[in-house]
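Q: Sequence first, predicted coordinates after that:
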Number of protein chains: 2
Amino acid sequence: MSTSDVMVGLHQKALNLLQEDADNIEKLIQIQMETLTNRRCPLYEEVLDTQMYGLSREIDFAIRAGLIDEASGKLIISDLERKLAQLYEALALSRKE
Amino acid sequence: MSTSDVMVGLHQKALNLLQEDADNIEKLIQIQMETLTNRRCPLYEEVLDTQMYGLSREIDFAIRAGLIDEASGKLIISDLERKLAQLYEALALSRKE
């Protein structure tokens, strides 16, 4: 394997790992979305916030280590933030009802 | 540069970055140690906890990405945990006085 092969492999591995963590957060969002009308767990927002912070630290580290570029990292976060915003909007709506 | 040179470089870079973050947490611990007798900021423990969690996520990611070995990662965390324990002990003592 050439040096650039190794780097491409590492970039890909880093992106896969980060996406895996992002997918886990998305699953948490999905679960909360589905149970919206049944009952709400007040700790959910806290857990999601903590998970988002953890992921942002991982992504920041991967960027600094040169494993991924800044744009890819920001995309993972902004995608999740959009989904979180949808959840909070749905939560706010269900509280009004 | 050979493939193994690139990997050694990446390992070193990853370790340096993690140690940098650990040093920043240690500085926070030091500051709180020094102001122990003056005044205490109740948010300090919260901030330190959050920072420790962030660093542990970075280290976990670096291990999974194959950038550092598990032992090196655990060493950074256990070193900080020891210092944190000293701080909390000193805080507990100063509260008793």
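A: Everything's here; your move. Residues are numbered from 1 along each chain as shown, chains lettered A, B, ... in the order given.
Q: Does A:Met33 touch A:Ala90 like I think?
A: Yes. Using CB atoms under 8 Å, A:Met33 makes contact with A:Ala90 at a distance of 6.3 Å. Yep, even glycine has a C-beta here, placed from its N, CA and C like the rest.
Q: which residues touch A:Ser72?
A: Going by CB atoms under 8 Å, 6 or more residues apart in numbering or on different chains, A:Ser72 touches A:Leu15.
Q: gap between A:Leu28 and B:Lys96?
A: A:Leu28 is 41 Å from B:Lys96, where distance means CB to CB, to the nearest Å.
Q: And the two? Which one has more around it.
A: Taking other CB atoms under 10 Å in any protein chain shown, A:Leu28 and B:Lys96 do not tie; A:Leu28 has more neighbours (16 against 5).
Q: And the helix or strand where the more buried one lies, what's buried?
A: Taking DSSP states H and E as the criterion, the element that holds A:Leu28 is helix A:3-34. For helix A:3-34, a neighbour-count test (16 or more other CB atoms under 10 Å in any protein chain shown) marks A:6-7, A:10-11, A:14-15, A:17-18, A:21-22, A:25, A:28-29, A:32 as buried.
Q: Where does the prediction get shaky in chain A?
A: In the predicted model, chain A carries pLDDT under 70 at residues A:36-42, A:97.
Q: How about the residues of chain A by chain B?
A: Residues of chain A that fall close to chain B, judged by CB under 8 Å from any CB of the partner chain: A:1-3, A:6-7, A:10, A:13-14, A:17-18, A:21, A:50, A:53-55, A:57-58, A:60-62, A:64-67.
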